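1. generate a structure from the sequence data that follows.
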Amino acid sequence: MINLKKISCILLVGVLVAASSCKKYLNDNVSKTSINDATQFASTTNADIFLNSIYGYLSNENNVPDQLDNFTDDNDGGYYWRSYHWKAGSVGPSVDNGQPMSDYSGSYQINANDYTAWIAEFGSGSGCYAKVRACNLFLQKIQQYSANFNASWIAQRTDEVRFLRAFFYMQLWQHVGGLVLLTTVEDNNTETKTQLDQARSTFEQTFNFIDSELAAVIANGNLAVKYNNGDPNAGRATLGAALMVKGWAELFAASPAWNSGNSPTGVADPNNLIHFASADPTRWAKAAATFQQFMTNYTQYSLFPNLSQLWYATNKYNSEIIWDRQCVAGIIGSTGDNYEQYGGPVYILGTYYTWGNYCPTQELVDGFRMANGKDITDPTSGYDPQHPYVGREQRFYQSIAYDGAPYFLPWMPKTDTIYTRIDKVHPSLNQIDFAQSDVSNTAYYSIKRLNPVAPPGGSFASGQNYVYFRYAEVLLGYAEAQNEAVGPDATVYAAMNKVRTRSNLPALPAGLTQAQMRTQIHNERRVEFCFENKRWYDIDRWLTASALLNVDRHGMQITNSSPNDDKGVWVYTPVLLNHPHVFNQNMYINPIPNGVIAQNPSVLQNPGY
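-> Model (predicted):
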């Protein structure tokens with residue numbers, strides 16, 4: 001397994017070498033040290049230290065209090081994060097440093113959600129181009145010192161870094177569109193300003209670069225398909241990771257926001273920076289073929305039987321995990337994991353534990369079906385709005401702490417019951433909050449992905465990896481792409497039903513139209529991937545964010561019909577949250593920070609900013 005304890009000590013070495021000659025806007029302004037290239041690349045052992053530092057650049061999204069789900073209709077988690085500015089429609093190239101979805105909560109969260117950032121902020125994290133520069137420098141140096149390495153090592157490490165570079169580019173491309181594509185190390189000492197100040201490539205050119213790089217890595221076959229827990233190489237790039245990222249990028253690109261021939265912002269995009277110049281429905285088929293290739297060729301992957309335990313440190317690199325970011329228990333900084341601190345019930349057994357940032361909205365809760373597979377809006381489903389938490393599907397109980405929910409994790413001395421109702425007789429510390437405390441505003445808490453053995457507040461004590469992609473995304477990605485390409489054929493049903501079966505849901509009814517299947521797929525993704533930082537990308541690429549984010553969301557107010565003695569019945573009333581809910585059309589894409597354009601005028605701003 002990649003030694004992340006060692007990385008936490010030597011990460012600075014790779015950063016300092018990477019900074020040996022940098023372009024001004026790459027924000028790589030750090031001091032040089034006495035280490036020289038000849039020493040760093042004298043052996044595979046030394047060179048791997050540099051490469052491990054690049055793996056250390058992978059964003060640790062477990063350590064982000066302002067999760068990407070906070071920017072969506074699924075979560076209402078706090079007043080004091082950038083997501084609050086976002087929900088108020090306060091977005092621009094000079095607002096929040098022009099990077100509305102990147103975290104700025106302190107240097108202890110280094111490499112947290114800098115995946116949305118062109119440049120790093122306040123000395124915390126590393127923007128995309130610092131990461132890309134490190135990749136390019138590594139590729140350059142192992143060729144320069146190739147006599148020190150054997151051919152198989154060079155082939156494997158080259159493909160690992162090409163994958164990492166494509167992944168870093170892909171993460172930023174999803175947020176800002178076309179990028180400046182750098183494949184060599186820029187040098188202020190030898191290159192002119194014109195050479196240094198490169199322009200952005202188009203949306204399509206950037207996608208094609210990412211897609212072709214991943215295709216080359218897959219075709220080369222130099223990487224393992226999958227690593228299992230305990231393997232010394234676990235955590236390194238694999239063919240499975242490359243094919244999954246390729247399929248996701250293709251699915252993202254095929255989606256309506258970018259593949260309609262029109263700018264999603266409603267403002268002309270003459271340079272095609274944020275969309276394809278023309279629509280091409282065959283892009284769906286391309287994505288479907290990639291996911292089909294994964295299902296056919298990479299049989300090492302399958303759904304893990306118990307979704308609630310998929311994330312546990314003891315289940316690292318299980319059959320469903322395709323690509324993740326390693327975490328090590330007890331290590332402070334980017335190598336550790338403090339997800340538990342930020343969410344889950346605020347008060348556990350009467351003691352304050354968490355910040356309460358993961359608060360599902362009523363809209364998300366209503367997306368969970370009944371155990372019989374029917375939507376709660378179906379009059380034959382058995383849903384009772386005055387007993388709304390009875391008879392729901394398995395994933396609901398695995399993901400949501402609701403009023404009256406039993407709550408137990410192995411670190412707790414006994415089971416607690418989470419009450420969010422307004423109860424004058426037996427008041428609860430977790431009672432729904434209509435102010436600005438940490439307690440939930442919605443009457444719900446997400447309990448998904450919480451570490452079972454690490455109490456909140458344990459100073460980055462958790463060792464659960466952050467999972468970027470898992471096999472369920474192959475199945476649902478295929479189902480979506482194939483349904484859009486040819487309609488709901490038998491293979492679409494098969495992929496959907498595999499995911500449903502894992503959660504004890506019955507198979508989908510036969511005879512669905514393409515539109516009906518699309519609705520099923522969209523809801524399946526929402527429920528299956530809730531609180532995994534997927535929802536934003538879905539409502540963004542589907543062009544549904546305008547409709548979903550320009551209306552207020554709901555919580556659940558629960559009161560007793562006889563409030564002074566609790567002898568009445570408990571009444572469940574959805575209530576508006578009365579929080580900012582503004583989504584301007586330009587927000588389908590993030591701006592380019594003003595600071596980037598000031599330093600490189602060749603970088604054009606995104607339409608609408």
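2. so which residues of the chain form strands?
-> 321-325, 347-348, 351-352, 400-401, 405-407, 416-418, 445-446, 466-470, 554-560, 570-576 (DSSP state E).
3. tell me the mean pLDDT over the fourth one?
-> Averaged across strand 400-401, pLDDT comes to 98.
4. OK, contacts around the residue positioned nearest the centre of the chain?
-> Computing the C-alpha centroid of the chain and ranking residues by C-alpha atoms, centre = their mean puts residue 533 first, at 3.9 Å. Contacts for residue 533 (C-beta atoms under 8 Å, 6 or more residues apart in numbering) come out as 61, 67, 68, 69. All C-beta spots, glycine's among them, are computed from the backbone N, C-alpha and C.
5. equivalent analysis for residue 321, please.
-> Contacts of residue 321 by C-beta under 8 Å, 6+ apart are 304, 310, 465, 467, 470, 471.
6. count the residues that sit near the second one.
-> By other C-beta atoms under 10 Å, 21 other residues sit near residue 310.
7. residue 465 versus that one, what's the distance?
-> 11 Å (C-beta to C-beta, to the nearest Å).
8. hmm, back to that, need the winner for burial among the strands of the chain.
-> Among the strands of the chain, strand 445-446 has the highest mean neighbour count (mean count of other C-beta atoms under 10 Å), at a mean of 27.
9. that strand pairs with which strands?
-> strand 400-401 (antiparallel) (DSSP bridges).
10. list of residues touching the partner strand?
-> 344, 345, 360, 365, 368, 407, 418, 444, 445, 446, 447.
11. OK, contacts around the fifth one?
-> Residue 368 makes contacts with 376, 392, 393, 395, 396, 399, 400, 527, as judged by C-beta under 8 Å, 6+ apart.
12. so which of the contacts of residue 321 comes closest to residue 292?
-> Each of the contacts of residue 321 was scored against residue 292 by C-beta to C-beta, and residue 471 proved nearest at 13.8 Å.
13. distance of that closest one relative to residue 359?
-> 28 Å.
14. ok, the two, which is more surrounded?
-> More crowded of residue 471 and residue 359, by other C-beta under 10 Å: residue 359, with 29 against 25.
15. does that one really touch residue 445, like I thought?
-> Yes: using C-beta atoms under 8 Å, residue 359 is in contact with residue 445, at 6.3 Å.
16. quick check: neighbours shared by those two?
-> With C-beta under 8 Å, 6+ apart, residue 359 and residue 445 have no common neighbours.
17. how about the helices in the stretch 501-609 of the chain?
-> Counting by DSSP state H, counting those that start in this stretch, the stretch 501-609 of the chain has helices at residues 514-528, 535-541, 545-549, 594-599.
18. now the longest one: average pLDDT?
-> Per-residue confidence for helix 514-528 averages out to 98 on the pLDDT scale.
19. what residues sit buried inside it?
-> 517, 518, 520, 521, 522, 524, 525, 526, 527, 528 (16 or more other C-beta atoms under 10 Å).
20. what's the top helix by length along the chain packed up against?
-> Of all segments of type helix in the chain, defined using DSSP state H, the longest is helix 151-176. Contact partners of helix 151-176 among helices and strands, from 3 or more C-beta pairs under 8 Å, 6 or more residues apart in numbering; DSSP states H and E: helix 44-55, helix 128-144, helix 203-220, helix 239-254.
21. mind doing that once more with 6 Å?
-> Secondary-structure packing of helix 151-176 (3 or more C-beta pairs under 6 Å, 6 or more residues apart in numbering; DSSP states H and E): helix 128-144, helix 203-220, helix 239-254.
22. highest mean neighbour count out of the ones you listed?
-> helix 239-254 (a mean of 25).
23. my guess is residue 359 meets residue 439, correct?
-> No: Residue 359 is beyond contact range of residue 439, at 9.0 Å (criterion: C-beta atoms under 6 Å).
24. got any residues that touch both of the two?
-> Residues touching both residue 359 and residue 439 (C-beta atoms under 6 Å, 6 or more residues apart in numbering): there are none.
25. what's the most distant pair in the contacts of residue 321?
-> Most distant of these, by C-beta to C-beta, are 465 and 471, 15.1 Å apart.
26. check contacts around residue 99.
-> With C-beta under 6 Å, 6+ apart, residue 99 has these contacts: 117, 593.
27. that one and residue 60: what is the separation?
-> Applying C-beta to C-beta to residue 99 and residue 60 gives a distance of 17 Å.
28. how far away is residue 587 from residue 265?
-> Residue 587 is 8 Å from residue 265, by C-beta to C-beta.
29. typo on my end, residue 512
-> 33 Å.
30. next one: residue 174
-> Applying C-beta to C-beta to residue 174 and residue 265 gives a distance of 15 Å.
31. repeat for residue 235
-> Residue 235 is 38 Å from residue 265, by C-beta to C-beta.
32. many thanks, have a good one.
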